[in-house]
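Enquirer: only the shape, not the letters, is given here:
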Ligand code: FES
């Protein structure tokens, strides 16, 4: 997998909901996903589904990416909360760290991410 990956129609994204997309495997052969969601301003954002505290998925496989208020991405393991607009951890053990961003393109109301897997 490389280059531009289709995610969904722009109208499929709703505030407080996320779409998880497989990006294949990481350099260690483990499944890798990104999380695609609208930010506070309605812009589409995408981040790797990997917490910055420990290298595990934010949702722990549950498919739930938001906090109770549905305003921040949330790590279910130790409760880190991440701002949607820039992926910054605003609360939790990795406060101040940023989720790894994935480049987003919206073309003709269709959402894509740009992803080039590691070669090694
Ligand atoms: S693993 Fe995410 S907050 Fe600890």
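Expert: Great, that's in hand. Values in this document were obtained by computation on a predicted structure and should not be read as measured data. Numbering: from 1, shown residues only.

Enquirer: what's residue 12 sitting at in phi/psi?
Expert: phi -80, psi -20 (degrees, to the nearest 10).

Enquirer: that one against residue 19, yeah?
Expert: Yes - between residue 12 and residue 19 there is a contact under CB atoms under 8 Å: 7.1 Å. Every residue, glycine included, has its C-beta placed from N, CA and C.

Enquirer: the two - which one has more neighbours?
Expert: Set residue 12 next to residue 19 and count neighbours by other CB atoms under 10 Å: residue 19 wins out with 18 against 12.

Enquirer: can you tell me how far the more buried one is from residue 29?
Expert: 24 Å (CB to CB, to the nearest Å).

Enquirer: what's the answer for residue 22, then?
Expert: Residue 22 is 14 Å from residue 29, by CB to CB.

Enquirer: of those two, which one has the most company?
Expert: residue 22 (12 against 8).

Enquirer: ok, the strand or helix carrying the more buried one: who's next to it in the sheet?
Expert: Using DSSP states H and E, residue 22 sits in strand 18-25. Here strand 18-25 is paired, per DSSP bridges, with strand 31-38 (antiparallel).

Enquirer: ok, now which ones touch the residue nearest to the spatial centre of the chain?
Expert: By CA atoms, centre = their mean, the chain has its centre lying nearest to residue 35, at 2.7 Å. Going by CB atoms under 8 Å, 6 or more residues apart in numbering, residue 35 touches 18, 19, 20, 21, 46, 47, 48, 49, 58, 65, 73.

Enquirer: any chance of those residues in JSON lines with distance to the ligand and pLDDT as columns?
Expert: Shown next, in JSON lines, are these (distance: CB to the nearest ligand atom, whole Å; pLDDT from 0 to 100):
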{"residue": "18", "distance to the ligand": "16", "pLDDT": "97"}
{"residue": "19", "distance to the ligand": "20", "pLDDT": "97"}
{"residue": "20", "distance to the ligand": "16", "pLDDT": "96"}
{"residue": "21", "distance to the ligand": "20", "pLDDT": "96"}
{"residue": "46", "distance to the ligand": "18", "pLDDT": "98"}
{"residue": "47", "distance to the ligand": "13", "pLDDT": "98"}
{"residue": "48", "distance to the ligand": "13", "pLDDT": "97"}
{"residue": "49", "distance to the ligand": "11", "pLDDT": "97"}
{"residue": "58", "distance to the ligand": "7", "pLDDT": "97"}
{"residue": "65", "distance to the ligand": "12", "pLDDT": "98"}
{"residue": "73", "distance to the ligand": "10", "pLDDT": "98"}
